[in-house]
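Novice: pasting the structure only:
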């Protein structure tokens, strides 16, 4: 049963890593283009609203940081389950 929980925590860790990478890349894309665009009408421009743009980019980087924290937790939990299984 411990191996099952280890496999589940590996999936958790991989999922958190994918979220961290995707959100980080999204924030970098926003910085490069100077525009936060959801694909719908309108968007948030760095020139038109610098404070809103900085808050949106900062929030995205915060989410990426939290996802990295979940990666670290997932690695620790995975190692814990593997050590219990052995």
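Specialist: That came through, no problem. Worth saying up front: this structure is predicted, and the values here are computed from it rather than measured.

Novice: now the most centrally placed residue in the chain: how far from residue 66?
Specialist: With distances taken as Cα atoms, centre = their mean, residue 20 lies nearest the centre of the chain, 2.5 Å away. Noted for residue 20: a distance of 8 Å to residue 66, by Cβ to Cβ, to the nearest Å. C-beta: built from backbone N, CA, C; applies to glycine.

Novice: Show me which residues of stretch 60-72 are buried.
Specialist: Of the residues in stretch 60-72, 60-61, 63-64, 67-68, 70-71 count as buried by neighbour count, 16 or more other Cβ atoms under 10 Å.

Novice: Which other helices and strands does the lowest-mean-pLDDT helix or strand in the chain contact?
Specialist: Every helix and strand of the chain was ranked by mean pLDDT, DSSP states H and E. The lowest is strand 44-45, at a mean of 80. Helices and strands touching strand 44-45, by 3 or more Cβ pairs under 8 Å, 6 or more residues apart in numbering; DSSP states H and E, are strand 35-36, helix 50-85.

Novice: Relative to residue 14, which of those is closest?
Specialist: helix 50-85 (8.2 Å; Cβ to Cβ).

Novice: for residue 75, what are its contacts?
Specialist: Contact partners of residue 75, counting by Cβ atoms under 8 Å, 6 or more residues apart in numbering, are residue 13.

Novice: Quick check: it vs residue 37, distance?
Specialist: 34 Å.

Novice: number of nearby residues for residue 11?
Specialist: Neighbourhood size, residue 11 [other Cβ atoms under 10 Å]: 12.

Novice: and it, what pLDDT?
Specialist: On the pLDDT scale, residue 11 is placed at 95.

Novice: Mind telling me what element it is part of?
Specialist: helix 2-33 (DSSP states H and E).

Novice: gap between that helix and the chain center?
Specialist: Helix 2-33 sits 5 Å away from the centroid of its parent chain (Cα atoms, centre = their mean, to the nearest Å).
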